[in-house]
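J.: return a 3D structure for these sequence lines:
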Amino acid sequence: MAARLLAYQVADLCLGKPPLRSLSSSATVADALAAVKSSDENFVAVWSCDHSAKRNLECVCVGKVCMVDVICFLCRDENLSSPGLALRSPVSALLSNANGLVRHVAPSSSLIEAIDLLLEGAQNLVVPIKSSTTINSKRKHLQKSISPTIHNGQEFCWLTQEDVIRFLLSSIGLFSPIPARSIDSLNIISNEFLAVEYHCPALSAIGAISCSLADQTAVAVVDDEGTLIGEISPLTLACCDETVGAAILTLSAGDLMAYIDCGGPPEDIVGLVEARLKERNLEGMLREFMIVDSYGSNSSDEEAAGGGAAVSRGQYRKFTSFSRRAEAIVCRRWSSLVAVMIQAIAHRVNYVWVVEEDGGVAGIVTFAGMLEVFRENLESLM
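T.: Model (predicted):
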């Protein structure tokens, strides 16, 4: 069984994965916004396909964007007065400066090679997959800026930390007794995490939100005694539309949690956002958001058919299959590794908060920490 696990290749983890939705690196932020809103996935891949040079260069996936990237970009000081102008910026303004977040790998790469790349900092491994798309449909897709990825004559999918952890869970017995040990005994509880106080302005946490997106974690919302109240998660924000930027500008961190909760923002909080925008003479910004949202809704057939988010009082969200509550997922120091794995996978997150008996935050456990444990034990199976 151990030899069989070590023999698995990246292609084995790609079975059933859908082809990536792609966006050209020459697109604008507005194009990225429309792409994200019309996609079933939280992230859209950005591709560079410059064939204007003398050499015919291959297409390369250069990054990924999601709604949180757009929200954080629009909340920058220089973009607050004119979000419409900001949306005309190149999509490169949304891409992370960190190198190696997206890596191309061959289908024949081993499971261990994939884990090593993820531990080196890669978040998405781009893998070519077999395509059943007909030539005519390929031509039709290539005429669109938002389409399943067909580059270099192939379609692609990508693998994430979650995909690998889910795969390892299917063979968890091979790692016995490690999975039954506590996360504390395995030394994978990190005390380096992002947090904001409940009553602090949500805008003060915009940098932390951006960092948590890069770290694939979330921002803990705590009271003045350090007790965990909830979280501001990029995954939850990604299920909103761009008008949530107005809430970030005007609400406290605690009120923002209620605003982005999957039940939808309460009427009183929506009214509070509108009142504070008026006090700060930022009503024009919200009107621009509404115009942009209407543009995004008409920019694709799916949105025009009613799949987009309506921007009206009390209805600021775009609900998707990934929508989740702002409630934090927690465990204890003595929780077993396999229990925490199942918790994270069940809630579609890359991390679980560790809390003390008094509710204080002891730290955070991430998929990256779990992968380090499995990687060390894979060595003993070789």
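
J.: going forward, measure contacts and count neighbours with C-alpha atoms only.
T.: OK.

J.: give me the nearest residue to residue 116, chain neighbours excluded.
T.: With sequence-adjacent residues excluded and distances taken as CA to CA, 6 or more residues apart in numbering, residue 116 is closest to residue 375, at 7.9 Å.

J.: sorry, slip of the keys, the one I care about is residue 213.
T.: Nearest one to residue 213, counting by CA to CA, 6+ apart, is residue 234 at 5.8 Å.

J.: in this structure residue 119 contacts residue 366, no?
T.: No - with contacts counted by CA atoms under 8 Å, residue 119 stays clear of residue 366, the gap being 11.6 Å.

J.: which one's more surrounded, these two?
T.: Taking other CA atoms under 10 Å, residue 119 and residue 366 do not tie; residue 366 has more neighbours (22 against 17).

J.: could you list which residues are in contact with that one?
T.: 217, 350-352 (CA atoms under 8 Å, 6 or more residues apart in numbering).

J.: including neighbour count, pLDDT and distance to residue 188, could those residues go into JSON lines?
T.: What follows is these, written out as JSON lines (neighbours: other CA atoms under 10 Å; pLDDT from 0 to 100; distance: CA to CA, whole Å):
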{"residue": "217", "neighbour count": "26", "pLDDT": "96", "distance to residue 188": "15"}
{"residue": "350", "neighbour count": "22", "pLDDT": "96", "distance to residue 188": "14"}
{"residue": "351", "neighbour count": "24", "pLDDT": "97", "distance to residue 188": "11"}
{"residue": "352", "neighbour count": "24", "pLDDT": "98", "distance to residue 188": "11"}
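
J.: in strands, which of those appear?
T.: Secondary structure from DSSP state E places 351-352 of those in strands.

J.: relative to residue 338, which of the contacts of residue 366 is nearest.
T.: Proximity of these to residue 338 (CA to CA) peaks at residue 352, which lies at 12.3 Å.

J.: phi first, then psi, for residue 122.
T.: The phi and psi torsions at residue 122 (degrees, to the nearest 10) take the values phi -70, psi 140.

J.: contacting residues for the residue nearest to residue 116?
T.: Per CA under 8 Å, 6+ apart, neighbours of residue 375: 112, 115-116.

J.: element containing residue 88?
T.: For residue 88, there is no host helix or strand (DSSP states H and E).

J.: returning to what we had before: check what pLDDT the residue nearest to residue 213 gets.
T.: Note on residue 234: pLDDT of 93.

J.: test my guess that it contacts residue 68.
T.: Yes - the criterion here is CA under 8 Å, and residue 234 meets it with residue 68 at 6.3 Å.

J.: ok, those two, which is more surrounded?
T.: Taking other CA under 10 Å, residue 234 and residue 68 do not tie; residue 68 has more neighbours (27 against 24).

J.: which residues touch that one?
T.: Contacts of residue 68 by CA under 8 Å, 6+ apart are 210, 213, 234, 237-238.

J.: for the stretch 51-200 of the chain, which spans come out with low pLDDT?
T.: The stretch 51-200 of the chain contains residues with pLDDT under 70 at 51-57, 131-153.

J.: which residues do residue 234 and residue 68 both contact?
T.: With CA under 8 Å, 6+ apart, residue 234 and residue 68 have common neighbours residue 213.

J.: if I look at residue 178, how far off is residue 370?
T.: From residue 178 over to residue 370 the distance is 11 Å, taken as CA to CA, to the nearest Å.

J.: the two: who's more crowded?
T.: A direct count of neighbours by other CA under 10 Å for residue 178 and residue 370 places residue 370 higher, at 22 against 19.

J.: so that one touches residue 189, yeah?
T.: No - using CA under 8 Å, residue 370 and residue 189 do not qualify as a contacting pair, with a distance of 9.9 Å.

J.: doesn't residue 17 lie inside a helix?
T.: No - membership of residue 17 in a helix is not supported by DSSP: H, G, I helix; E, B strand; the rest coil, which gives coil.

J.: now for the closest residue to it other than its chain neighbours: which residues touch it?
T.: Leaving aside its chain neighbours, residue 17 sits nearest to residue 157 (6.4 Å; criterion: CA to CA, 6+ apart). By CA under 8 Å, 6+ apart, the residues touching residue 157 are 14, 17-20, 126-129.

J.: so what sits against both of residue 178 and residue 370?
T.: Common neighbours of residue 178 and residue 370 are listed as residue 337 (criterion: CA under 8 Å, 6+ apart).

J.: quick revisit: ok, now which ones touch the residue nearest to residue 213?
T.: Neighbours of residue 234 in contact, by CA under 8 Å, 6+ apart: 68, 209, 212-213, 217-218.
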